[in-house]
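Novice: When you get a sec, could you give me coordinates for this:
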Amino acid sequence: MKRSNLITLAGATTLRNELSHLVRVLRPEVTKALGAAAAEGDRSENAEYIYRKKQLREIDRRLRYLQKRCEEFQVIEHKPQQQDKVFFGAEVTLEDEDGAEVMYRIVGSDEFDQEPHYISVDSPMARALLQKQLDDEVRVQLPQRHKDYWITAIYYPDLG
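Specialist: Sure thing, here's the model as predicted:
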């Protein structure tokens, strides 16, 4: 399944800052260290050279990914007009069958790992929650069974 291009302003800023740091700081440092390691002679047995080449490949891979994703972003900067329904950016409090509460915030697929309660808009939980309202029942399919929740609160924090 194709990933959504939605992202909050804060998430987009974080990824753009990472891209800038890789280009302006980290890659030049590693390139300089690689040059110094290469100058030491035999590269086939030079652990520093081998390590720096691997590190540079990983940086370049991340750079290509971030450059491509930053071009595709659809930055969501405003709260939806219908704040009584679950849309992108919502913080949703759920209650399960046992009365236990859990809160999730629906964010982009590139930013869900920034906070423990963030979930990707592409996740099964988020897909089940989208377009639902307060007091709606939500059934989420888990690997072995399904689980029922009820929406007890919907809140839209600033997206920036």
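Novice: The protein - how does it break down into domains?
Specialist: As recorded under automatic domain parsing, the domains making up the chain are 6-75, 79-155.
Novice: Output these as CSV; include the columns mean neighbour count and mean pLDDT.
Specialist: Bear in mind the C-beta positions are built from the backbone N, C-alpha and C, glycine included. Shown next, in CSV, are these (neighbours: other Cβ atoms under 10 Å; pLDDT from 0 to 100):
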stretch, mean neighbour count, mean pLDDT
domain 6-75, 14, 94
domain 79-155, 15, 94
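Novice: ok, residue 97 - contacts?
Specialist: Residues near residue 97 by Cβ atoms under 8 Å, 6 or more residues apart in numbering: 147, 148.
Novice: partners of the lengthiest strand in the chain, with directions?
Specialist: Across the chain, the longest stretch assigned as strand under DSSP state E is strand 146-155. According to DSSP bridges, strand 146-155 forms sheet pairs with strand 91-96 (antiparallel), strand 137-141 (antiparallel).
Novice: Pipe these into JSON lines and attach distance to residue 48 per row.
Specialist: Formatted as JSON lines, these follow (distance: least, Cβ to Cβ, whole Å):
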{"stretch": "strand 91-96", "distance to residue 48": "47"}
{"stretch": "strand 137-141", "distance to residue 48": "49"}
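Novice: which residue of this protein sits farthest from its center?
Specialist: Here the centre of the chain is the reference, and by Cα atoms, centre = their mean the most remote residue is residue 41, at 41.9 Å.
Novice: Can you classify it by secondary structure?
Specialist: Classification of residue 41 by DSSP: H, G, I helix; E, B strand; the rest coil places it in coil.
Novice: where exactly do the strands run in the protein?
Specialist: 6-8, 74-76, 91-96, 101-107, 118-120, 137-141, 146-155.
Novice: Nearest to residue 84 among the ones you listed would be which one?
Specialist: For the strands of the chain, proximity to residue 84 was assessed by Cβ to Cβ; strand 146-155 is nearest, at 6.6 Å.
Novice: Run the angle between the closest one and strand 101-107 for me.
Specialist: Orientation of strand 146-155 against strand 101-107 (axes from the mean of the first three to the mean of the last three Cα atoms, to 10 degrees) gives an angle of 70 degrees.
Novice: Need the residues that contact strand 146-155.
Specialist: Identification of contacts with strand 146-155 by Cβ under 8 Å, 6+ apart yields 83-86, 90-97, 101, 103, 129, 132-140.
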